[in-house]
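1. sequence first, predicted coordinates after that:
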Amino acid sequence: MARPPDVARRRELLDAVIVAFASGGIGGRSLRELADAANTSHRMLIHHFGSRDELLLAVVVEVERRQTEVVADLPLDPADAFLAMWESVRRPELRPFERLFFECYARGAQGEAPFTRLFPGAIDDWMTTALERAPAADPAMVRLQLAVTRGLLLDLVATNDEAAVDAASERFARTLRVRSETRKSR
C-alpha cells in the first residue's frame, strides 16, 4: 500500500520547484528535468503531486497565494494601492510565473483538467482579500483593478515593453484618482 504524501515534504518540494522554475522556467522541461532541478526524483514529484500538470497547477496556486499576501500592506487609496500592487507584480523575476499563470489560466478557461480548478479562486481569492482590507471598496472597481492588472501583465509578458505598459498603468492610476476626487466632491 502506498504511503500518503507527507504535507511538509510536499511543501519542501513545491518550494524547490518554485526556486528552480524562477531560475530556469519550465517551458518544455519534463517532469524528470524538473525533479533534477529540485534535487529529487520524478517518482517523488508524482507521489506528491500526481502529474506534471498537477505540479504546474500547484506552482501557480502557491505563487498566487504569495502575491495575495501583498494586498494586506497596500495603501487604502485606490490609485496608490493599484500602483503599489503593480510595482509588486511587474517585477522581472516574476515573469516566468506570470507566463505559467496565463498558460494554466487559458487551459482552464478551455475546460482542461486539472486547470479548471483555478476557477473561481483566481478571481474570488483576490476579491476577498482586497475587500477584507477595504470593506467599503466597490466590488466592481476591485474586479476592474484586478482585470486591468492582469491585462497589463499579459501585455508585459507578451511584449516585454516595460515603458509602454508602465505608462498604461500610470494612466489607469490617474483615472482612479480622478474618479476618487469626483466622488469626494459630491
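-> Cool, the structure landed.

2. hmm, who's touching the helix or strand hosting residue 98?
-> Secondary structure assignment for residue 98, by DSSP states H and E: helix 95-109. The contact list for helix 95-109 (Cβ atoms under 8 Å, 6 or more residues apart in numbering) reads 21-22, 25-26, 56-57, 59-60, 63-64, 89, 115-119, 122, 153-154, 156-157. (Each C-beta comes from the backbone N, C-alpha and C, glycine too.)

3. CA atoms only for it, dumped as PDB, please.
-> Extracted as PDB, the C-alpha positions of helix 95-109 are listed here (Å, rounded to 0.1, in the frame of the first residue of the first chain):
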ATOM      1  CA  ARG A  95       7.700  36.900 -15.500                       C
ATOM      2  CA  PRO A  96       8.200  33.100 -15.700                       C
ATOM      3  CA  PHE A  97       5.500  32.600 -13.100                       C
ATOM      4  CA  GLU A  98       3.200  35.000 -14.900                       C
ATOM      5  CA  ARG A  99       3.700  33.200 -18.200                       C
ATOM      6  CA  LEU A 100       2.900  29.900 -16.400                       C
ATOM      7  CA  PHE A 101      -0.200  31.600 -14.800                       C
ATOM      8  CA  PHE A 102      -1.500  32.700 -18.200                       C
ATOM      9  CA  GLU A 103      -0.800  29.300 -19.800                       C
ATOM     10  CA  CYS A 104      -2.700  27.500 -17.000                       C
ATOM     11  CA  TYR A 105      -5.500  30.100 -16.900                       C
ATOM     12  CA  ALA A 106      -6.100  29.700 -20.700                       C
ATOM     13  CA  ARG A 107      -6.000  25.900 -20.400                       C
ATOM     14  CA  GLY A 108      -8.500  26.100 -17.500                       C
ATOM     15  CA  ALA A 109     -10.700  28.500 -19.400                       C
END
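
4. pLDDT averaged over that helix, what's the number?
-> Across helix 95-109, the average pLDDT comes to 93.

5. pLDDT below threshold where in this structure?
-> 1-2, 5, 24-27 (pLDDT under 70).

6. what segments of it are helices?
-> 7-24, 31-37, 42-49, 52-68, 78-89, 95-109, 121-133, 139-159, 162-185 (DSSP state H).

7. dump these into CSV; add mean neighbour count as well.
-> Below are the helices of the chain laid out as CSV (neighbours: other Cβ atoms under 10 Å):
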stretch, mean neighbour count
helix 7-24, 15
helix 31-37, 17
helix 42-49, 18
helix 52-68, 18
helix 78-89, 19
helix 95-109, 18
helix 121-133, 16
helix 139-159, 16
helix 162-185, 14
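
8. just give me the residue right at the centre of this structure.
-> Against the mean C-alpha coordinate of the chain, by Cα atoms, centre = their mean, the closest residue is residue 64 at 3.6 Å.
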